[in-house]
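J.: show me the folded form of this:
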Amino acid sequence: MKMKTNIPFGRRGLLYFLLLLPSLLLGHPKLLLSQNSGILPEETEWTWEVRPAHVDPSLPNVLLLGDSISRYYFASTSERLQHVANVYLLATSASLGDPRLPRQITDFCTTESVSFRVIHMNNGMHGWTYTEKQYKDALPGFLKAVRRSAPGAQLIWASTTPVKTDSIPGPSNARVDARNTIAEAFFRTHRISIDDQHALMTQHLNTYKDSVHFSDVGAAIQAEQVVTSIQNALTKR
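T.: Purely as a prediction, here's the structure:
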């Protein structure tokens, strides 16, 4: 009688494992994410959003969409465009190839609920676990998300800047160059303006703050060219 009411050992072990499975996955987010359609997270993931303290409704809205490189030149760009545009920032560690990136763009633009006249885009310094093929394959979806979120906006693509020190699997200058080649070909095909930040900062390699980012001096140099490209786009309708 006792033997009939007990769960056999093998079934008991299976049930115990199934009960523990959710907590095991929650305790190991990388394991959970690895099951989720191609997401390859970095050790630290982040997003950084900045919006104007005071929006002037008479001015056009501009979005800097990028990564930590954009974060560094955002302040100087925003200052230079004072009384010209309301400048927003969405910076993220999500790289092209990461399926979360289009969703982040959509969520941000939905939350802000403003019409962007210009979007200045920069993405290429993260996501080195994604191959260049994955980077390339993600470009159409990225562009679709941007256009859907900001219909009619003038778009500008900024090339990825060189790095001071190569690392494996990245960032490295060989992979930066490969991604820039892929992105430039794609955006030129779609007649989107190119802000060649790579060529610019190749002339200012003495302004690094660390192995990837530039100092305030370097960021100001970047911002000057960013502003020029945005002002040119604002004149187009």
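J.: can we go C-alpha only for contacts and neighbour counts from here?
T.: OK.
J.: and stretch 230-237, average pLDDT?
T.: The average pLDDT within stretch 230-237 is 92.
J.: in it, what's buried?
T.: Residues 230, 233-234 are the ones in stretch 230-237 that count as buried (16 or more other Cα atoms under 10 Å).
J.: give me the contact list for it.
T.: 117-118, 120, 154-156 (Cα atoms under 8 Å, 6 or more residues apart in numbering).
J.: try 10 Å
T.: The contact list for stretch 230-237 (Cα atoms under 10 Å, 6 or more residues apart in numbering) reads 60-64, 77, 81, 84-85, 117-120, 152-156, 193, 195, 225, 227-228.
J.: against residue 191, how distant is residue 162?
T.: 24 Å (Cα to Cα, to the nearest Å).
J.: of the two, which one has the most company?
T.: residue 162 (25 against 11; other Cα atoms under 10 Å).
J.: what's the domain layout of this protein?
T.: 2-34, 47-234 (automatic domain parsing).
J.: mind listing the strands for the protein?
T.: Listed in chain order, the strands of the chain (DSSP state E) span 47-50, 61-66, 86-92, 116-121, 154-158, 193-195.
J.: tell me the pLDDT of the nearest residue to residue 56 once chain neighbours are set aside.
T.: Using Cα to Cα, 6 or more residues apart in numbering and skipping residues adjacent in sequence, the residue nearest residue 56 is residue 86, 6.8 Å away. Looking at residue 86, its pLDDT is 98.
J.: any idea what residue 86 is bridged to?
T.: residue 61 (DSSP bridges).
J.: that one against residue 52, yeah?
T.: Yes: in terms of Cα atoms under 10 Å, residue 86 counts as a neighbour of residue 52; the distance is 6.4 Å.
J.: common neighbours of those two, please.
T.: 61, 78.
J.: wait, what's in contact with residue 201?
T.: The neighbourhood of residue 201, defined by Cα under 10 Å, 6+ apart, consists of 160-163, 207-208, 214, 218-219, 221-222.
J.: the residues you listed into JSON lines, with extra columns for distance to residue 147 and pLDDT?
T.: Shown next, in JSON lines, are the contacts of residue 201 (distance: Cα to Cα, whole Å; pLDDT from 0 to 100):
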{"residue": "160", "distance to residue 147": "21", "pLDDT": "98"}
{"residue": "161", "distance to residue 147": "24", "pLDDT": "98"}
{"residue": "162", "distance to residue 147": "28", "pLDDT": "98"}
{"residue": "163", "distance to residue 147": "30", "pLDDT": "98"}
{"residue": "207", "distance to residue 147": "34", "pLDDT": "98"}
{"residue": "208", "distance to residue 147": "33", "pLDDT": "98"}
{"residue": "214", "distance to residue 147": "30", "pLDDT": "98"}
{"residue": "218", "distance to residue 147": "30", "pLDDT": "98"}
{"residue": "219", "distance to residue 147": "27", "pLDDT": "98"}
{"residue": "221", "distance to residue 147": "28", "pLDDT": "98"}
{"residue": "222", "distance to residue 147": "25", "pLDDT": "98"}
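J.: in TSV, list the residues you listed along with distance to residue 138.
T.: Putting those into TSV (distance: Cα to Cα, whole Å) gives the following:
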residue	distance to residue 138
160	16
161	20
162	22
163	23
207	32
208	30
214	27
218	30
219	28
221	30
222	26
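J.: most neighbours among these, which one?
T.: When neighbours are counted by other Cα under 10 Å, residue 222 leads these with 27 neighbours.
J.: understood, closing this out.
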